[in-house]
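Engineer: One predicted model, sequence on top.
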Amino acid sequence: MDPSAAANQDEADGSRGGLANLPWLPVLGVAVAVVAGLLVLAPAYGFHRDELYFIVTGRHPALGYVDQPPVTPLLSAAAVGLLGLEPFAVRLLPALIVGACVVLVAAIAREMGGSRRAQVVAALVLGVSGFLAAGHLGVTATYDLGFWAVILWLATRLLRGADPRLWLAVGAVAGLGLLNKHLVLFLIGGLFVGLAVHLRDVLRTRWPWLGALVALLIWSPNLAWQAAHGFPQLAMAGGIAGNGLENRVMLLPQLLLLAGPLLFPVSVLGLWRLARNPAMHPFRALGTAFLAILAVVLLSGGKSYYVAGALPVLMAAGAIGVDAWLERGRSRIPVFGAATAGSLAVVALLTLPVLPAATLAATPIPDLYPENAEQVGWPELVETVRGAVAALPPEMRARAVILTGNYGEQGALELLGDGLPAAYSGHNSLADYGPPPDDHDVVILVGWWSNPWWSGMLGGCERVATIDNAAGMPNQEQGAGVAVCTTLRPWSVIWDRFRHTN
């Protein structure tokens, strides 16, 4: 159906726009199934290292951090404060966000003129895509996907002819998104490129610019924090760009996997339809926006998930094409069903904790998708350090602090290591929570440390234990050491030498 015809039909029926006429039963069924599955798996394995870090930093409220804006850390700390120190606490809201994305992609398909079946197809495509991986983790990227989905839905409504004052809502959501992750700038920039190419008249009105101003005003506290601290996130971005060649090579393959291992052709079809199908003419700016975002990420050496938030518009447009394909024969429905089930199976196997940890460790999966591996072994790490501390003479134990190589180790020891000496790290924003007291000159050194990190600052180091996660899981801590050292100079003098970012 032509989008303009759909709009006229809505007016003739006296129906409301937005979410009013979605086929709620099947779409909500997909969303509920996604959320339920994610919550069932939420307690498996354990915290991801990033989740531990966000809880710790969120307990130090600020308008910004070295490596991200404040929303995710604050929400993570609040979640465990309300629900307890469990992975389920920090994963509840991410699961709900992905469930909401399922609804929003169906709503986008509706705005584009898709039938009820097309809307359900769009919901299924997103519901079995790489969005599932994001819904399992309480990290900045998951919240980012939610903000992008809302902005894209609002933008689709505007392109369909909604009240232009809706640009103010776009700006408000974008501003909140910028308080979570600065990648929203890619989306806003891409939308403006799409408008400049296809709908210059829209840019001659005041509403998109007022929306941009609203976003800037909401973002300004974090922007001011970044300016006051020398824009540390620019340095972080430079570090990521240091892996630019690998990121560029892997960008498209990983993006296709994120779109769905067996259903990515739906998104490819959606991009083609946005560019070439006359029925998609009002929404052509969204296809151009996607290409603009993809080009920027490719040129800058960014990661594939930087583009993933723009996939819902391709899924929605492609779902309309799939609906037309299904209309040509009932025998095609089982084919689509099999592709959906297969995509779900592959995504779950690769990115969700569906296998026992020891079984997963014996497969190539941790090399393909390391995030599951980074959820295994924190209790074992804590107990290894506890043993090293217990072996110290009492007079040394009283002067001991723990120093870790990265924020995951520090987070595990601070949050799960009751009764242990205070844990410190120079990694990212954790460096701001030091230095240790100068009179604590005994150091329990945890993790992989090469001599350049501590040469001239620590001495007498003796390795006393090796970390083993008991599952043989290859991750950043497996096989790393625990050593006992002493400081050679006061912490207040040497602490800045331990600062590092990545």
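Structural biologist: Yes, it's here.
Engineer: C-alpha only now, for contacts and for neighbours.
Structural biologist: Fine.
Engineer: What's the local residue count around P356?
Structural biologist: 11 (other C-alpha atoms under 10 Å).
Engineer: secondary structure element for G472?
Structural biologist: For G472, there is no host helix or strand (DSSP states H and E).
Engineer: got the contact list for the nearest residue to it once chain neighbours are set aside?
Structural biologist: Residue nearest to G472 in three dimensions, not counting chain neighbours: A361, with 6.0 Å by C-alpha to C-alpha, 6 or more residues apart in numbering. Residues in contact with A361, defined by C-alpha atoms under 8 Å, 6 or more residues apart in numbering, are 373, 471-474.
Engineer: Could I get the phi/psi values of A361?
Structural biologist: Per-residue torsions, A361: phi -60, psi -30 (degrees, to the nearest 10).
Engineer: Distance-wise, check it relative to L344.
Structural biologist: 21 Å (C-alpha to C-alpha, to the nearest Å).
Engineer: Helix, strand or coil: sort out the spatially closest residue to A44 that is not a sequence neighbour for me.
Structural biologist: The shortest distance from A44 to any non-neighbouring residue, by C-alpha to C-alpha, 6+ apart, is to P353 (6.2 Å). Judged by DSSP: H, G, I helix; E, B strand; the rest coil, the three-state class of P353 is coil.
Engineer: just checking, P353 touches P370?
Structural biologist: No - judged on C-alpha atoms under 8 Å, P353 makes no contact with P370 at a distance of 11.7 Å.
Engineer: So which of these two has more stuff around it?
Structural biologist: More crowded of P353 and P370, by other C-alpha under 10 Å: P353, with 22 against 16.
Engineer: In this protein, where is pLDDT below threshold?
Structural biologist: Counting by pLDDT under 70, the chain contains low-confidence ranges at 1-18, 238-243, 450-453.
Engineer: Which residue lies nearest the spatial centre of it?
Structural biologist: Closest residue to the average C-alpha location of the chain: A141 at 1.6 Å, with C-alpha atoms, centre = their mean.
Engineer: Could I get the contacting residues of the residue sitting furthest away from the middle of the chain?
Structural biologist: Most distant from the centre of the chain: E395, at 44.7 Å, with distances by C-alpha atoms, centre = their mean. If a contact means C-alpha under 8 Å, 6+ apart, then E395 has no contacts.
Engineer: Could you check the helix or strand harbouring it and say which residues are buried?
Structural biologist: According to DSSP H and E, E395 maps onto helix 394-397. Buried residues in helix 394-397, counted by 16 or more other C-alpha atoms under 10 Å: 396-397.
Engineer: what element comes up after that helix heading to the C-terminus?
Structural biologist: Next element after helix 394-397 (DSSP H and E): strand 400-404.
Engineer: Would you mind giving the domain segments of the protein?
Structural biologist: With domains defined by automatic domain parsing, the chain comprises 10-357, 377-498.
Engineer: of those domains, which approaches P366 most closely?
Structural biologist: Counting by C-alpha to C-alpha, P366 lies closest to domain 377-498 out of the domains of the chain; the figure is 7.0 Å.
Engineer: which stretches of this protein form strands?
Structural biologist: In the chain, the strands defined using DSSP state E lie at 400-404, 423-425, 442-447, 458-466, 481-487.
Engineer: Render the CA-only coordinates of the first one in PDB, please.
Structural biologist: C-alpha atoms of strand 400-404 as PDB (Å, rounded to 0.1, in the frame of the first residue of the first chain):
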ATOM      1  CA  ALA A 400      47.600  -3.700  52.100                       C
ATOM      2  CA  VAL A 401      45.600  -2.300  49.200                       C
ATOM      3  CA  ILE A 402      44.600  -4.100  46.000                       C
ATOM      4  CA  LEU A 403      45.700  -2.700  42.600                       C
ATOM      5  CA  THR A 404      44.100  -4.100  39.500                       C
END
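Engineer: quick one: contacts of it?
Structural biologist: Contacts for strand 400-404 (C-alpha under 8 Å, 6+ apart): 410, 421-426, 436, 440-447.
Engineer: which ones are touching the closest residue to V56 other than its chain neighbours?
Structural biologist: For V56, ignoring the flanking residues on the chain, the nearest one in space by C-alpha to C-alpha, 6+ apart is G411 at 6.3 Å. Shown in contact with G411 (C-alpha under 8 Å, 6+ apart): 49, 52-53, 55-56.
Engineer: any idea how far A100 is from G411?
Structural biologist: 30 Å.
Engineer: repeat for W167
Structural biologist: From W167 across to A100, the span is 21 Å (C-alpha to C-alpha).
Engineer: what about these two, which has more around it?
Structural biologist: W167 (23 against 19).
Engineer: just checking, the more buried one touches T205?
Structural biologist: No - assessed by C-alpha under 8 Å, W167 is found out of contact with T205, at 10.8 Å.
Engineer: As PDB, could you dump the C-alpha coordinates of stretch 245-265?
Structural biologist: Written as PDB, here are the backbone C-alpha positions of stretch 245-265 (Å, rounded to 0.1, in the frame of the first residue of the first chain):
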ATOM      1  CA  LEU A 245      41.700  -1.200   9.900                       C
ATOM      2  CA  GLU A 246      40.200  -4.200  11.700                       C
ATOM      3  CA  ASN A 247      37.000  -2.300  12.400                       C
ATOM      4  CA  ARG A 248      36.600  -1.400   8.700                       C
ATOM      5  CA  VAL A 249      37.200  -4.900   7.500                       C
ATOM      6  CA  MET A 250      34.700  -6.300   9.900                       C
ATOM      7  CA  LEU A 251      32.100  -3.600   9.700                       C
ATOM      8  CA  LEU A 252      29.800  -5.000   7.000                       C
ATOM      9  CA  PRO A 253      30.000  -8.700   8.000                       C
ATOM     10  CA  GLN A 254      29.300  -7.900  11.600                       C
ATOM     11  CA  LEU A 255      26.500  -5.500  10.700                       C
ATOM     12  CA  LEU A 256      24.800  -8.200   8.600                       C
ATOM     13  CA  LEU A 257      25.100 -10.500  11.600                       C
ATOM     14  CA  LEU A 258      23.500  -7.900  13.800                       C
ATOM     15  CA  ALA A 259      20.700  -7.600  11.300                       C
ATOM     16  CA  GLY A 260      20.100 -11.300  11.600                       C
ATOM     17  CA  PRO A 261      22.300 -14.300  10.600                       C
ATOM     18  CA  LEU A 262      19.500 -15.600   8.200                       C
ATOM     19  CA  LEU A 263      17.200 -12.600   8.000                       C
ATOM     20  CA  PHE A 264      19.700  -9.900   7.100                       C
ATOM     21  CA  PRO A 265      18.400 -10.000   3.500                       C
END
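Engineer: Run the chain-centre distance for that stretch.
Structural biologist: Centroid displacement of stretch 245-265 relative to its chain, using C-alpha atoms, centre = their mean, to the nearest Å, is 16 Å.
Engineer: swap in stretch 162-182?
Structural biologist: With C-alpha atoms, centre = their mean as the basis, the mean position of stretch 162-182 lies at 19 Å from the chain mean.
Engineer: and for that stretch, what are the contacting residues?
Structural biologist: 68-72, 140-141, 143-144, 147-148, 150-151, 154-155, 158, 184-185, 188, 207-208, 210-219, 222.
Engineer: Okay, buried residues for it please.
Structural biologist: 164, 166-182.
Engineer: Return the subset of the residues you listed lying in helices.
Structural biologist: Counting by DSSP state H, the part of the buried residues of stretch 162-182 found in helices is 166-178.
Engineer: and of these, the nearest to I365?
Structural biologist: Looking across these and measuring by C-alpha to C-alpha, the closest to I365 is G177, at 31.6 Å.
Engineer: and the contacts of G411 as JSON lines, adding distance to H229?
Structural biologist: Output for the contacts of G411, formatted as JSON lines (distance: C-alpha to C-alpha, whole Å):
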{"residue": "R49", "distance to H229": "25"}
{"residue": "L52", "distance to H229": "24"}
{"residue": "Y53", "distance to H229": "20"}
{"residue": "I55", "distance to H229": "22"}
{"residue": "V56", "distance to H229": "20"}
